[in-house]
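> generate coordinates for the sequence data below:
(4 chains)
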2 protein chains.
Amino acid sequence: MEKRRGRSSQGVTIREVAARAGVSPMTVSRVINNENNVTPATSAAVMAAIQELKYTPNPAARRLAGSETFRIGLLYSNPSVAFLSEFLLGALDESSKTGHQLVVEKCGATAATEKAALQKLLQSGVDGVVLPPPLCEAKSILAEIAKSGVAAVAVAAGQPGPDVATVRIDNYKAAHRMTQHLLSLGHRTIGFIKGHPNQTVSDQRLHGFLDALGEAGLDPKAAPVEQGYFNYRSGLAAADKLLALKDRPTAIFAANDDMAAAVLATAHRLGLNVPVDLSIAGFDDTLIAGTIWPALTTVRQPIAAMGRAAVSMLLDEVKRRRGGGTGAPAQQLLRHTLVERESTAAPA
Amino acid sequence: MEKRRGRSSQGVTIREVAARAGVSPMTVSRVINNENNVTPATSAAVMAAIQELKYTPNPAARRLAGSETFRIGLLYSNPSVAFLSEFLLGALDESSKTGHQLVVEKCGATAATEKAALQKLLQSGVDGVVLPPPLCEAKSILAEIAKSGVAAVAVAAGQPGPDVATVRIDNYKAAHRMTQHLLSLGHRTIGFIKGHPNQTVSDQRLHGFLDALGEAGLDPKAAPVEQGYFNYRSGLAAADKLLALKDRPTAIFAANDDMAAAVLATAHRLGLNVPVDLSIAGFDDTLIAGTIWPALTTVRQPIAAMGRAAVSMLLDEVKRRRGGGTGAPAQQLLRHTLVERESTAAPA
DNA sequence: AGTCCCAATGGTACTGCTATCACCGATGCA
DNA sequence: TGCATCGGTGATAGCAGTACCATTGGGACT
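Presented below is the predicted three-dimensional model:
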């Protein structure tokens, strides 16, 4: 039975973590605050101890002891809820672990409400803002942030602005890889559904697809490509067109999962057997990909890790600016994975 | 020039007030906290000093020194990610607001890993545990918790155990209401897909449905009801059966959204126009409900509010137990809403 | 008058974390 | 080879309150 000292009994303290990791509390503090003079090995040991003990710093003690507690904002509109939720999980985890406050704010889809929500965040005194898609591409938001001078991290943006840090995967490579996968199964006529034209990732995914075709000796210009808008309904329309072609594709690669799910629905409506008559691939590995049947082959972004990374980078960036740092904010590329499920197979 | 020691310190401290009033800091503390054993004269002197120095107690220091901070665990397995994230948002918000620590732990789906994860939480010294679905129905988990003696809150459970507090919506009423909605549109043959038999909400939703039929003068026994298991695939099978009936239903009410989405897919495959030829209703308002097309009419639970409520109730419960309180833990019913989208309409 | 008790107050230790400085071994440089 | 420097780490001393116990003095009681 564990014995707790005199007063209020409660959670794990920095001292316990220190003891477990075999270092001094000071070193643990350094690790938590991402300070730079700590050996990677020591840092790893401390991290492990933190994990095992589920340590979370006590914010009251931190503030009392004099360290600043940053307040970081997370502004989201209506991206895929699945993306958001996982992202949030990572972001919350990181911010609670480092003991900073995360303020989450939702905004509508119009430029005016976006601006209003951002203002609200800024006025509440945030030191930095995390921008998941599609906000990270909104020019007006970025401009407003630049003007206000707070730090920002754009998440999963295709082409980052110069003033903001970014976390993302290599969309081009991921699309390239998925296309290679379809080609290697034996598909030669592969349809593609593009993403929303105002998001830069759309282009990157398209080019990854086209280039992979070209490298395989096929004519990219001959590939059936339809415009989509990242939502289910646009996927239905695009699928209708692609599947009505005289030279019907044996595989369709949609630039996100929602559209891929729509392709699946359309295929079923037309009496096509997936994956025998038609292979379908998506992108993002959102919740829907695993829910529907057959489950979608897709590309997974390490979303939770991106959330963690976004928060951590933002904190660095805030400190960098406080310290009068010069140069450009950091960029970070995370690894994606190809998730093979039941919606793809060799053509009949 | 006043000399401040070492660090940044700012603002008036309790010691300065004490010196000015000619008493000890402890006495000032007593005055601030309205404790009873202080002479009116002393109290007045202290008050005056506080006024003059414009003293405000430092909340961080108060929290650190004073109130015990509880540690509460949140154990989740693999519910809908969307549910979880929104729930988490509420829970975190509440716990950070009240200054308590929230430890989140994920566990696998098998009874063994559930138990292991719970043990880990308990050993890390949590004072209470929040159990979102489906864990709140796991007998082994509940038994383990009862044995350990920590407080618990079951979230969105159908039929709570006697020892745990609960936050939920009235599933019976919600299903009843949705059925009334379908009836009011003019449907007379309404199919129902039941939820997983080991979750108590399944029964409640079924009975809400059946009773609403009865009250409308229809024969509940004649209603086409199929077994489902809360997943997409079971929805496909159930929909196949329901739509193959000679007296085909003009509406189908599925006990959750995933199954409703499967009904939609099946309807499309059979060439039925939704909602003209068939109305479809779901339950939960998960991500998929708004993604697919036509979007599902469904029932929304106030998930974030449930997260907040769960944490707050758990804290109350912990305090109640500490205080040797008797009687049963609290129960709380939150309000649900019927979300009307495009998947329901009057029959053709 | 002596004892007891309790209200009023003070002293000390402690909350969990970090600023600051001291320390130590390893390198850089003359 | 000797000395300055520097990166990594630890010891100590607070931060601003409160819990807990000790102390005191004046009434109530015997």
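> pretty sure residue A:74 contacts residue A:105?
Yes - using Cβ atoms under 8 Å, residue A:74 is in contact with residue A:105, at 7.0 Å. Yep, even glycine has a C-beta here, placed from its N, CA and C like the rest.
> of these two, which one has the most company?
Between residue A:74 and residue A:105, counted using other Cβ atoms under 10 Å in any protein chain shown, the more crowded position is residue A:74 (29 against 15).
> tell me which residues touch that one, please.
Taking Cβ atoms under 8 Å, 6 or more residues apart in numbering or on different chains, we find residue A:74 in contact with A:88, A:91, A:102, A:103, A:104, A:105, A:129, A:130, A:132.
> among those residues, which lie within strands?
If you go by DSSP state E, the contacts of residue A:74 have A:102, A:103, A:104, A:105, A:129, A:130 in strands.
> picking up where we left off before, any of the contacts of residue A:74 buried? List them.
By neighbour count, with 16 or more other Cβ atoms under 10 Å in any protein chain shown, those hold A:88, A:91, A:102, A:103, A:104, A:129, A:130, A:132 as buried.
> what's the closest non-adjacent residue to the last one?
The shortest distance from residue A:132 to any non-neighbouring residue, by Cβ to Cβ, 6 or more residues apart in numbering or on different chains, is to residue A:155 (4.7 Å).
> ok, the second one next?
If the residues on either side of it in the chain are set aside, residue A:91 comes closest to residue A:307, at 3.8 Å by Cβ to Cβ, 6+ apart.
> count the residues that sit near the one you found.
With other Cβ under 10 Å as criterion, residue A:307 counts 29.
> now residue A:313
24.
> gap between the strand or helix carrying it and the chain center?
Following DSSP states H and E, one finds residue A:313 within helix A:303-322. Distance of helix A:303-322 from its chain centroid, counting by Cα atoms, centre = their mean, to the nearest Å, is 13 Å.
> got the residues of the stretch 1-150 of chain A near DNA strand D?
A:6-7, A:22-27, A:30, A:36-39, A:41-42, A:61, A:64-66 (Cβ under 7 Å from any atom of the strand).
> so how do I select the buried members of those in PyMOL?
Here is the PyMOL selection string for the buried members of those, based on 16+ other Cβ under 10 Å:
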select buried, chain A and resi 23+27+30+38+42+61+64
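> for chain B, what's its nearest residue on chain A.
At 2.9 Å from chain B, residue A:85 is the closest residue in chain A, using Cβ to the nearest Cβ.
> which SS state does the residue lying closest to that residue once chain neighbours are set aside fall under?
Spatially, and ignoring its direct neighbours in sequence, residue A:85 is nearest to residue B:85 (2.9 Å; Cβ to Cβ, 6+ apart). Put simply, residue B:85 is helix when judged by DSSP: H, G, I helix; E, B strand; the rest coil.
> state the distance from residue B:85 to DNA strand C.
Relative to DNA strand C, residue B:85 is positioned 26 Å away (Cβ to the nearest atom of the strand, to the nearest Å).
> please identify the buried residues of stretch A:254-272?
Buried positions in stretch A:254-272, judged by neighbour count with 16+ other Cβ under 10 Å: A:254-270, A:272.
> circling back: quick check: the residue nearest to residue A:85 vs residue B:255, distance?
Per Cβ to Cβ, to the nearest Å, residue B:85 is found 22 Å from residue B:255.
> over to residue A:204?
Distance from residue A:204 to residue B:255, by Cβ to Cβ: 41 Å.
> leaving out sequence neighbours, find the closest residue to the most centrally placed residue in chain A.
Against the mean C-alpha coordinate of chain A, by Cα atoms, centre = their mean, the closest residue is residue A:303 at 4.0 Å. Leaving aside its chain neighbours, residue A:303 sits nearest to residue A:86 (4.2 Å; criterion: Cβ to Cβ, 6+ apart).
> quick check: the one you found touching residue B:85?
Yes - Residue A:86 lies in contact with residue B:85 (Cβ under 8 Å); the separation is 7.1 Å.
> in the stretch 151-300 of chain A, which residue sits nearest DNA strand C?
residue A:151 (19.0 Å; Cβ to the nearest atom of the strand).
> rewinding a little: report the contact partners of the residue nearest to residue A:132.
A:87, A:130, A:131, A:132, A:133, A:136, A:166, A:167, A:168, A:306, A:307, A:310.
> swap the cut-off to 6 Å and go again
Applying Cβ atoms under 6 Å, 6 or more residues apart in numbering or on different chains to residue A:155 gives the contacts A:132, A:136, A:167, A:306, A:310.
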